[in-house]
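[1] Starting from these lines, generate the structure:
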Amino acid sequence: MVGNHLLQHRELSATAIGVAAYIQSLPEGSPVGIKALTERFTEGERRISSALHELERHGYLERRTERLPTGRVATRTYSYNKPLATPDGPPPPSRKPAPDWDPDPDPDPDPDPDREPEPTPEADPSPKAGAGPEPRRKPSPAPEPDLAPEPRQLHAGAADLLAGLRRYDPRLLLAERDVQRLAPGVSTWLDRGADPEAVGLALTTNLPEPMRSPASVLAYRLEALLPPPLPHAPAPRPVRRPDPFQTCDGCERAFRSPHPGHCRDCPPPRAVGAAA
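    The predicted structure is shown next:
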């Protein structure tokens, strides 16, 4: 449920309201970093970053630096259905955490070039009468830098598949940066056992008319049509071999049996010492 206090907010931009509504619709644990949102929407990183800063300033978003069990330091993003009363207050029970491993801080939007810089107040060198000595301030410890996650090993044919999509449709002529950005999504399809030809058909069939941004269409299909992983193959059943041939002790005919003896047509042998 998205409240009217967000949808009708008078200080948030349309981009910030749309990004907040999209984040609240995601399941818990979904990535909501700048890179993930840029792949989902057509807006660039600068507008997405500005929207996230707006939501964080008005209490709909909170980003915390936390240490993972592995020892790495990462940024975790919390999305709130209702804005926080104070930035330092405890998060409400309806928070939705989502891991956002973004080692680089979000780029701030460009400042207004027409705005003059505010002058910094000069310090008064003369101490006030009757004031005691100024206490020394302890230097604040330098924040630990976020460590970048290890690069993922991409499938060998992911980039070549994207670069060759223009053979199916000339409109799918992608820039090299778009190929590098979409290659991890294609690699996930291939790692899940999808045939490269099937991936090409899923990305090129029934394309919209007109198509303004081929890279955005492909990014949406790679995420929305992602097939599930292949199930484990069933264990092979043991092959039952036929019984070996045996020679009947009575009629000397061949018959199949796990043990030597008499065939089914011969009467069973009489026990030793049995009465006649």
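
[2] Pull the contacting residues for residue 253.
    Counting by CB atoms under 8 Å, 6 or more residues apart in numbering, residue 253 touches 247, 263, 265. No exception for glycine: its C-beta is placed from N, CA and C like everyone else's.

[3] now with 10 Å?
    Residue 253 makes contacts with 246, 247, 262, 263, 265, 266, as judged by CB atoms under 10 Å, 6 or more residues apart in numbering.

[4] which SS state does residue 79 fall under?
    Using DSSP: H, G, I helix; E, B strand; the rest coil, the structure places residue 79 in strand.

[5] Which pLDDT value goes with it?
    Residue 79 carries a pLDDT value of 79.

[6] Quickly note the distance from it to residue 39.
    For residue 79, the distance to residue 39 equals 18 Å [CB to CB, to the nearest Å].

[7] Compare neighbour counts for the two and give me the winner.
    Neighbour count, other CB atoms under 10 Å: between residue 79 and residue 39, residue 79 has more, with 22 against 19.

[8] Can you name every helix or strand that the helix or strand harbouring residue 63 contacts?
    Here residue 63, judged by DSSP states H and E, is contained in strand 61-67. Packed against strand 61-67 by the contact rule (3 or more CB pairs under 10 Å, 6 or more residues apart in numbering; DSSP states H and E) you find helix 14-25, helix 45-57, strand 73-80, strand 95-100.

[9] just the angle between it and helix 45-57, please?
    Per axes from the mean of the first three to the mean of the last three CA atoms, to 10 degrees, the angle that strand 61-67 makes with helix 45-57 is 90 degrees.

[10] What strands flank strand 61-67, and is each parallel or antiparallel?
    strand 73-80 (antiparallel) (DSSP bridges).
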